[in-house]
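**Student:** sequence and predicted structure below; questions after.
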Amino acid sequence: METEAAVAPASEPPQEAWTRWEREHADVLERATVQQRALLQAAVWFVAVIAGQPLLLRMAAFFLLHAGMDLTPAQVGAAVGRTDRAMRTVRGLSAHDLLDSIWAELGRHRQPKLHAEHAGPIAKYLVEHPRCTLPEVVAFIASDLGIEIDPQTLHRFLATYGLDVLRPDHSAAAKEAEDARPFSSGTPTSGARTSSCPPRSP
């Protein structure tokens, strides 16, 4: 399904979004009945509030196209910021198809999280690598446990399970977590661990 950017800018107040939308889509409103106009206004307000969340936009489009109000793909596309072609695809979906597509997309983006059972392996790593930094522990978790987290989340996990005491200067951990960047900044997420954190000699 196409995923063009929504028409309404993120965080635009609903009334301002509707005023702008009325001006930009006067031709759409001319062909709308009073009932359709009310539904389109509600849709534009909703889109402004959710600020372009793709799954919610898809659900809103499905509702508008299946509400029995004879809204066309062009009208709905204008309201939710999608193309006619994308809306024709949505119109052809059944409710079951829509739910399947949403569950599939949620599954693709679902990320595993740290749980209590991960405290043991992380504690072992901290004991064996006493001078490691938070980004190095993050890299270990990504490569050995297959879980990608940011240093701030790791710091909270260590504090929750009392593992921060295994770090030589755990009083500075909060500042280190605040200063560290997530994976997108270049923190290694796989492969060999960095040599700056050598394991403890047996």
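**Tutor:** Yep, it's here. Quick caveat, the model's predicted, so the values are computed rather than measured.
**Student:** mind giving me the domain split of the chain?
**Tutor:** Split into domains by automatic domain parsing, the chain comes to 14-109, 116-185.
**Student:** if I look at A48, how far off is E136?
**Tutor:** 43 Å (Cβ to Cβ, to the nearest Å). All C-beta spots, glycine's among them, are computed from the backbone N, C-alpha and C.
**Student:** what about the helices in this structure?
**Tutor:** 14-24, 26-30, 34-50, 54-65, 73-80, 84-91, 95-109, 119-128, 134-140, 151-160, 173-179 (DSSP state H).
**Student:** can you list those in JSON lines and add mean neighbour count?
**Tutor:** Shown next, in JSON lines, are the helices of the chain (neighbours: other Cβ atoms under 10 Å):
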{"stretch": "helix 14-24", "mean neighbour count": "15"}
{"stretch": "helix 26-30", "mean neighbour count": "12"}
{"stretch": "helix 34-50", "mean neighbour count": "18"}
{"stretch": "helix 54-65", "mean neighbour count": "20"}
{"stretch": "helix 73-80", "mean neighbour count": "24"}
{"stretch": "helix 84-91", "mean neighbour count": "18"}
{"stretch": "helix 95-109", "mean neighbour count": "11"}
{"stretch": "helix 119-128", "mean neighbour count": "15"}
{"stretch": "helix 134-140", "mean neighbour count": "22"}
{"stretch": "helix 151-160", "mean neighbour count": "19"}
{"stretch": "helix 173-179", "mean neighbour count": "14"}
